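Asker: have a look; sequence and predicted model below, questions after that.
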Amino acid sequence: MKKLNLLAPFEHNVFLRGRGREKVRYLQIPSFLDRNKLEEDLKNGALYFENVKKQTDRRPSKTVVIRADNEENGLMAVTYLAAAYNQTDDSDAGEYDDDADLLTEADDDYFESEDLPDEEYVGDDGEENPGPEDAEEWLESKYRLPLLDIEEIKRVWGHEDASIFISNGFGMQGQNNEREKTPWWFACKEEPICIVVKSVLCSAFGGFGGNVYDRFSTEVAAHFPNNRHIYILEIKSKDAGLFEGTFDDDIFPEGNVSNENPSFTQMVLDQAAAVIDINSRWDKKKEAAYRREQFENWVAEEGFSLSEDFPTARIVQRITGMKNPAKSMLMKRIINYIREQGDPGVELREEDFDILKKFANIMEKKSLDDALSVKKLERELYGMEDVKRQVREIVDVMKYYKRRETVGLGKGSFHNVHLLIGAPGTAKTTVAKLMGNMMMEQNLLPGNRFTCVNGADLKGMFVGHTAPKVHRIFENNDIIMIDEAYSLVARDGWDRGGDGFSQEAVAALITEIEEHGPEKLVLFAGYGGIDVDDKDNLMKGFIDSNPGLKSRINSTIFFKSYTPDEMVEIVHILARTQQFSLTKSADEDLRAYFAERVRDRNFGNGREARSLLQNATIFAAKRTRDIKAVRSARSRLQAITASDIRQAIQRQRRSTAMQNGRQSAGGFGFMV
């Protein structure tokens, strides 16, 4: 088993004596954690914290913005970074003698942190449960990282006298002029702090009235001028009370601040701030692998082991499908619950987790209409309403079997194996990925590890090599798309199932489908369909190569070729997506051109729309190469004119003629 040093953030909620039971929230930074431990965890599966490691390889920054899609992941990233910075700061400036032994006892019993009482007190000596003396100030420590809510800080913005704190948020001319003690966090003067901002809108749209980062340099930074580090943790997801789908990898590309709200960009410049993205939605494969390692570590931590046939991926997927965003601590609580409800023995079995059925009411219940992947399906796939309908029907039937299992009606035997047939360029691969993401969002697959392999790639190099090769593909992926599946079977060998390697590969596929069909998404894709001549229906030959294939395919999704009108609209969609302004005056030329192309047996559908737009930019580049950096440059560099389109069409025609070897190509070649 791969050992992880950090399984969950070590968060505390305590109350200060003598301050009206003022609540303090802080993150404990274990003394055993450092850069080396972070590297170990990355090697052992914590891969989506690799951006933290990259930051520790650079010179430490005073201000670091950490963006995460839930608070648990964000606090984990802060813990790793703060521990590494403690190590760096110590080596640069010497050890902190005044608090070197603080919290060592808690560190020794690190994983018992959750069991500490919620209402602890912090005394003058910094120890929990102190004597009767009152503590007037927070005692700073490199091992205690205060978690300051941005809303709490906002409550004192605008007060010239920092000793005046108005509890109801009014200013000096407000209705409540009661003098109170300064907030506890005013005592945070030297050691690192963490400011928690729970809103995606804070940077993208200038949230909180557009003044969070406008006022950071003048207000927040002014409160903490001498603190060694300021961590800003942005929580950007529905966990922060936002609607599903606001946090999209298209909106916040990793490490890029150039498209941000100018206030955020200015703050990054003013504070020389580093920006780290910790977003599991960008890489579901890494997240699924990490959650599995967390689960196995918690099992070992609690003194259990797993049976040899334990379905780890499926159980982890069910646990992470629950509403609680703190997935790691949820795993621990569930394992503890199993222990308290009975003695299942040292070895845990799948049936021990039947208790999850008790918690069906807190399982994540995402509406399919609101799922991010469904929105992307509508946005990225033009037309093809029948394809969209079939995809949703398949997801619905998978959810149906999952609900049956939840109420004790058995797992069912629905095999998630489907055939995608149609002409090239009709978005079969795009649909396959989105279909897998939809099932992942609905907690129907253990993960979204996607692979797309050519049918011929399944065949081994020697006898006995093919079956293990196919098995590894199924073992390491949740969504398996076999493109050009007909290439697995030689055309001249269809009647007898192809050569020996082909037969071995098809037999291995059938075995894996039978074993993993209900928990994997398997898609065979290739050229074929009802509008294809029998001699060109390549997928029919593949299916007929083995009777066991056809009987295991549950549905066939047909991707028909686009019409000329649809092709024109696709060109416009691609132009908008790439921030081009395409004139409508070229539509007739486009329509006439695509009316020619749809009659060609080699028509590439959506790929040809993309190719034509790319060719149009060649002429746009020639037309605008002398533009100077003036105010009108942006709009002129976005424009694709009717002339650009006409020249691109001519270029495409010449290219097609040359490829087909027609005499009409003459000697013109590519005229640019």
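Answerer: Received the coordinates, thanks. Note that the coordinates shown come from a computational prediction; the quantities given were computed from them, not determined experimentally.
Asker: and Ala8, how far from Met439?
Answerer: 28 Å (C-beta to C-beta, to the nearest Å). From N, CA and C alone the C-beta is placed, and that goes for glycine too.
Asker: residue contacts, the closest residue in space to Lys62 that isn't next to it in sequence?
Answerer: Closest residue in space to Lys62, ignoring its immediate chain neighbours: His229 at 5.8 Å, by C-beta to C-beta, 6 or more residues apart in numbering. Going by C-beta atoms under 8 Å, 6 or more residues apart in numbering, His229 touches 60-64, 82, 85, 192-193.
Asker: with Leu33 instead?
Answerer: Going by C-beta under 8 Å, 6+ apart, Leu33 touches 5-6, 79-80, 83.
Asker: which one (most neighbours) among those residues?
Answerer: The residue in the contacts of Leu33 with the most neighbours, by other C-beta atoms under 10 Å, is Tyr80 (29 neighbours).
Asker: sec struct for it, please.
Answerer: Assigned by DSSP: H, G, I helix; E, B strand; the rest coil, the conformation of Tyr80 is helix.
Asker: tell me the SS of Val463?
Answerer: Per three-state DSSP, the secondary structure class of Val463 is coil.
Asker: okay, it: pLDDT?
Answerer: Model confidence at Val463, given as pLDDT, is 72.
Asker: returning to what we had before: which of the contacts of His229 fall in strands?
Answerer: Among the contacts of His229, the members falling in strands (DSSP state E) are 63-64, 193.
Asker: will you turn those residues into TSV that also has distance to Arg651 and pLDDT?
Answerer: As requested, the ones in strands among the contacts of His229 are exported to TSV (distance: C-beta to C-beta, whole Å; pLDDT from 0 to 100):
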residue	distance to Arg651	pLDDT
Thr63	51	92
Val64	49	93
Ile193	59	94
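Asker: just among those, which is most surrounded?
Answerer: Ranked by neighbour count (other C-beta under 10 Å), the ones in strands among the contacts of His229 have Val64 at the top, with 25 neighbours.
Asker: tell me how far the residue nearest to it when sequence neighbours are not counted lies from Val220.
Answerer: Distances taken as C-beta to C-beta, 6+ apart put Ala274 closest to Val64, at 4.7 Å, once the chain neighbours are dropped. With distances taken as C-beta to C-beta, Ala274 is found 16 Å from Val220.
Asker: same question, Ala423
Answerer: Computed as C-beta to C-beta, the Ala423 to Val220 distance reads 57 Å.
Asker: can you pull out the strands in the stretch 51-200 of the chain?
Answerer: Applying DSSP state E, counting those that start in this stretch to the stretch 51-200 of the chain gives strands spanning 63-68, 120-122, 144-149, 193-197.
Asker: which stretch among the ones you listed approaches Glu308 most closely?
Answerer: strand 63-68 (35.7 Å; C-beta to C-beta).
Asker: who touches the closest one?
Answerer: Contacts of strand 63-68 (C-beta under 8 Å, 6+ apart): 55, 74, 77-78, 81, 221, 229-236, 252, 268, 271-279.
Asker: buried among the residues you listed? Make that a ChimeraX selection.
Answerer: Buried members of these, defined by 16 or more other C-beta atoms under 10 Å, are picked up in ChimeraX with:
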select :55,74,77,78,81,221,229,230,231,232,233,234,235,236,252,268,271,273,274,275,276,277,278,279
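Asker: inside strands: which ones of the contacts of strand 63-68?
Answerer: Those of the contacts of strand 63-68 mapping onto strands are 230-235, 274-278, per DSSP E.
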